[in-house]
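Chemist: Kindly return the folded structure for what I paste below:
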Amino acid sequence: MVRMRTPEDHAAAVAAVLPARGTETVPLGAALGRVLAAPFHAVADSPLFDNSQMDGFALPSPGGTYEVGPTIAAGQDPDALYPEGLGGRAAPIMTGARLPRGTVAVVAVETCEPPEFLEPGTRLRTPPAPEGQFIRRAGVDVTAGQLLIDAPVPLTPLHLGVLAGQGVSEVEVLARAGVLLCTGGAEVGVGGAAGIPDVNTPLLRALCERAGIDVRGVVRTDDDPEALARELEAGVDKHRPTAIITSGGISAGKFEVVRQVLEGGWFGKVAQQPGGPQGISTFRGAPVISLPGNPISTLVSFRLFVAPLLGHAPPPVELPVAADAPGLPGRDQFLRGTHGARAVPLGGAGSHFLGQAADATCLIRIPAGGASAGDNVTVYPL
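Modeler: Numbers count the residues shown, from 1 in each chain. This is a model prediction of the structure:
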């Protein structure tokens, strides 16, 4: 008996036919969701300098009565106003402003007597202030050289804020893959008593968008291999895709048109349910990743073999499964479910339960032979 590939075997085989991912530099404002190409290390301390956490007074000692000096606004160099340091004075200072040399503590303006900002030369009484009070020390958040963002990772709004705080205006990211989708079948989208709706085209478009993959074109199949070959040739010549993604037409039926056109590649079974039939080939120099046509099988296969290789996907996590899952002999099952503290299966296990998967947030991997409630299983966030 021929041994079926494991999902890991097949993912490695797909990766082996794909070209190396290039990089490009984009403005920071255009980098949201793009995948960082290399780890980013801090180029400077943050904060850059000791600064005030409060609108108040910078003090040369832990509280008392002081002569008031000139006001230090945020962005102002305190050395211009206090070239010799505080010299026994209390400096009115705004939040975020750089502290003058000799500052021991900061007090909030509303705690002083009088509780207001005074003109230079007047007298001020402050409450006791422990050393370091309301002082943000240079480098307390980040030190130069520290790893701030690992790679590869899709950049979030917080990542962009961190990069901006480091003075970064543009960033190196992985180039986006561009794919040609091939979906359909003679029975798809034609109406009538035996026709079925086209689910996979919008499904794959959305999956690609979420994974950061550009859809450059779509080819529709019927049951004519010569027509499909012509359409694929035209699509490849026009769009020059990184890869072609097909759904359906690769199993053991009479009208497996994709498999007929792409003969010479690998078409076989992966030890999983749903999504057992899979294929890898090339067409006019473009790698072809062939997925099964049932929408749930397409979803599972895309999450395992396309998103993490051509785009990005959240890393899998280990969670306890909420209920007994009998599993299947010799194959891992990928149940649809929700996840939080536990992984909770939703609906039926079959590949035709599309509606029952509507609220799924993850795939729950049940090993061959099953899992008992409370057992840790691998969960793939969607």
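Chemist: residue boundaries of the helices in the stretch 151-300 of the chain?
Modeler: Counting by DSSP state H, counting those that start in this stretch, one finds helices in the stretch 151-300 of the chain at the ranges 157-165, 200-211, 225-239, 257-261, 295-305.
Chemist: can you list the domain ranges for the protein.
Modeler: The chain breaks down into these domains under automatic domain parsing: 7-21+176-310, 23-45+141-174, 49-137, 317-381.
Chemist: Turn the helices of the stretch 151-300 of the chain into a markdown table, including mean neighbour count.
Modeler: For glycine as for every other residue, the C-beta is placed from the backbone atoms N, C-alpha and C. Output for the helices of the stretch 151-300 of the chain, formatted as a markdown table (neighbours: other C-beta atoms under 10 Å):
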| stretch | mean neighbour count |
| --- | --- |
| helix 157-165 | 15 |
| helix 200-211 | 18 |
| helix 225-239 | 16 |
| helix 257-261 | 23 |
| helix 295-305 | 25 |
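Chemist: Can you add distance to V219 and mean pLDDT and give those back as TSV?
Modeler: Formatted as TSV, these follow (distance: least, C-beta to C-beta, whole Å; pLDDT from 0 to 100):
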stretch	distance to V219	mean pLDDT
helix 157-165	36	97
helix 200-211	10	96
helix 225-239	5	94
helix 257-261	10	88
helix 295-305	16	96
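Chemist: Throw the ones you listed into JSON lines and include distance to Y380, thanks.
Modeler: Formatted as JSON lines, these follow (distance: least, C-beta to C-beta, whole Å):
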{"stretch": "helix 157-165", "distance to Y380": "23"}
{"stretch": "helix 200-211", "distance to Y380": "13"}
{"stretch": "helix 225-239", "distance to Y380": "29"}
{"stretch": "helix 257-261", "distance to Y380": "25"}
{"stretch": "helix 295-305", "distance to Y380": "6"}
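Chemist: low-confidence ranges in the stretch 101-250 of the chain?
Modeler: Within the stretch 101-250 of the chain, the set of residues satisfying pLDDT under 70 comprises 185-196.
Chemist: among the helices of the stretch 151-300 of the chain, which is nearest V17?
Modeler: Closest to V17 of the helices of the stretch 151-300 of the chain is helix 295-305 (C-beta to C-beta; 11.2 Å).
Chemist: tell me the angle of that closest one relative to helix 200-211?
Modeler: Using axes from the mean of the first three to the mean of the last three C-alpha atoms, to 10 degrees, the direction of helix 295-305 lies 30 degrees away from that of helix 200-211.
Chemist: so how far is helix 295-305 from its chain's centroid?
Modeler: Relative to its parent chain, helix 295-305 has a centroid offset of 18 Å by C-alpha atoms, centre = their mean, to the nearest Å.
Chemist: for the stretch 51-200 of the chain, what spans make up the strands?
Modeler: Here the stretch 51-200 of the chain has its strands, by DSSP state E, counting those that start in this stretch, at 51-52, 56-59, 65-67, 91-93, 105-108, 123-125, 135-136, 147-149, 170-174, 178-184.
Chemist: The fifth one: partners in the sheet, and parallel or antiparallel?
Modeler: Yep, that's strand 105-108 we're talking about. Strand 105-108 sits in its sheet next to strand 56-59 (antiparallel), going by DSSP bridges.
Chemist: Alpha carbons of the strand it pairs with, as CSV, please.
Modeler: C-alpha atoms of strand 56-59 as CSV (Å, rounded to 0.1, in the frame of the first residue of the first chain):
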residue,chain,number,x,y,z
GLY,A,56,4.5,70.4,37.2
PHE,A,57,7.9,71.4,38.6
ALA,A,58,11.3,69.8,38.3
LEU,A,59,13.0,70.0,41.7
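Chemist: Make 58 the starting number, not 1.
Modeler: Right, with 58 as the first residue, what we last looked at is strand 113-116.
Chemist: My read is that G404 contacts A414, right?
Modeler: Yes. Taking C-beta atoms under 8 Å as the definition, G404 is a contact partner of A414 at 6.1 Å.
Chemist: what about the two, which has more around it?
Modeler: More crowded of G404 and A414, by other C-beta atoms under 10 Å: A414, with 20 against 17.
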